[in-house]
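Chemist: coordinates for the following, if possible.
(one chain, ligands or ions: 2)
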Amino acid sequence: MTKEKILVIGASGQIGVELTQALRKMYGNANVVASDLREENELLKGTGPYVSLDVMNKEMLHVQVIRQNITQIYLLAAILSATGEKNPGLAWHLNMQGLLNVLDIAREEKLQKVYWPSSIAVFGPTSPKQNCPQQTIIEPITVYGISKYAGEFWCNYFNRRFGVDVRSLRYPGLISYKSAPGGGTTDYAIEIFHEALENKKYKCFLKEDTYLPMMYMPDAIRATIELMEAPANKISIRTSYNISAISFSPNEIATEIKKHIPGFKISYSPDYRQAIADSWPQSIDDSTASADWGWKPEYDLQKTTKDMLLNLKNAG
Ligand code: NAD
Ligand code: SER
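Modeler: Ligands and ions are numbered 1, 2, ... in the order given. This next block holds a predicted model:
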């Protein structure tokens, strides 16, 4: 069996930090190389190799893959939905070219596997709002969603045409406490915990009844690893899998937080992110992921809220 050596690109980000930690536990610290454009995250310092890397520089990326004997790449570098609307050209360029650079190198170097996340942002106003299926009408309205949908088809193409074993999940909004979120529409569901603990109040940029699909980070990390560990013959979807855990509104998460912080108050001041949220489904049907490789979430809203508050209190 080939000894795996993994490169995580975008390792200092919200998902990258926790995914790198989980992969290092599984494969050994020395076998997981963290990389990012920005500096190494404090939580990763001293736990394994780190290289400064721009995914847009294909030559340097290729050199690192060869020099480090990389067998798998997890590509997490991207510009998310809200930040993407401020600079659509840059979001398209990074999200597309970064992926194409990785897929090309994976093909040339015959890498074992590639992981690249898509998002619920591929769906648009014409997709079903409830239990949005794996295969449905997909007409995204954000540049981020367009880039994710195009990226899904590049993954599918590289798999079918060149045999690259690239796998993908359409993550919902991810809630976590270790590393700050990078500019998504679902970031309110993280900010609310910090503000509740620090100031006992939060001004939400989405309306109180805006339901969105969400997931706690431990579930997202486990889903990623379960997908990547599954035998190739179990992977029927080579674009990207729907996965789901929770669906709630700002009003519902605020009510849950109030059970722990009775004086907590939420107010609402919707901005440009409301239109993005309104274009996405409220809940997702993940039955294909369950049937193919056994996906099942563990964290509901109650468990997520309790764990977030506990960990943020301990950290503060
Ligand atoms: P993030 O913004 O927190 O992290 C991205 C990281 O990529 C950052 O550390 C950034 O410095 C790095 N990066 C940016 N440009 C780079 C470049 N040119 N070269 C190398 N690194 C670069 O994002 P995240 O939330 O961790 O998201 C990771 C992936 O998961 C993205 O593809 C995102 O679209 C996807 N995703 C995230 C969520 C979520 O809720 N966080 C939901 C759905 C999908
Ligand atoms: N959480 C992400 C965002 O809001 C969804 O991809 O952009």
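Chemist: state the mean pLDDT of stretch 84-99.
Modeler: In this model, stretch 84-99 carries a mean pLDDT of 98.
Chemist: do it and ligand 2 meet?
Modeler: No: applying C-beta under 6 Å from any ligand atom, one finds stretch 84-99 out of contact with ligand 2, separated by at least 7.7 Å. Backbone N, C-alpha and C define where each C-beta goes, glycine included.
Chemist: which non-adjacent residue is nearest the residue in the stretch 201-316 of the chain positioned nearest to ligand 2?
Modeler: Closest to ligand 2 within the stretch 201-316 of the chain is residue 276: 7.4 Å, counting by C-beta to the nearest ligand atom. In this structure, residue 276 finds its nearest non-sequential neighbour in residue 185, 4.5 Å apart by C-beta to C-beta, 6 or more residues apart in numbering.
Chemist: in contact with that neighbour, which residues are there?
Modeler: 80, 81, 82, 121, 173, 206, 212, 273, 276, 277, 280 (C-beta atoms under 8 Å, 6 or more residues apart in numbering).
Chemist: just give me the neighbour total for the residue in the stretch 1-150 of the chain that ligand 1 sits nearest to.
Modeler: Among all residues of the stretch 1-150 of the chain, residue 13 sits closest to ligand 1, at 2.0 Å; criterion: C-beta to the nearest ligand atom. The tally of other residues near residue 13 (other C-beta atoms under 10 Å) stands at 24.
Chemist: just the strands in the protein please.
Modeler: For the chain, the strands defined by DSSP state E cover 6-9, 32-36, 50-52, 72-75, 113-115, 118-119, 166-167, 169-171, 173-175, 201-204, 212-216, 241-242, 246-248, 265-268.
Chemist: residues from the protein in reach of ligand 1?
Modeler: Counting by C-beta under 6 Å from any ligand atom, the chain sits next to ligand 1 at 9-10, 12-16, 36-38, 53-56, 76-78, 80, 94, 117, 119, 171, 173-174, 181-182, 184, 186.
Chemist: who's in contact with the residue most central in space within the chain?
Modeler: In the chain, the centroid-proximal residue (C-alpha atoms, centre = their mean) is residue 171; its distance is 5.3 Å. By C-beta under 8 Å, 6+ apart, the residues touching residue 171 are 15, 117, 118, 119, 120, 215, 220, 243.
Chemist: nearest spatial neighbour of the residue sitting furthest away from the middle of the chain, skipping sequence neighbours?
Modeler: The centre of the chain is farthest from one residue, residue 263, which by C-alpha atoms, centre = their mean lies 32.2 Å away. With sequence-adjacent residues excluded and distances taken as C-beta to C-beta, 6+ apart, residue 263 is closest to residue 200, at 5.0 Å.
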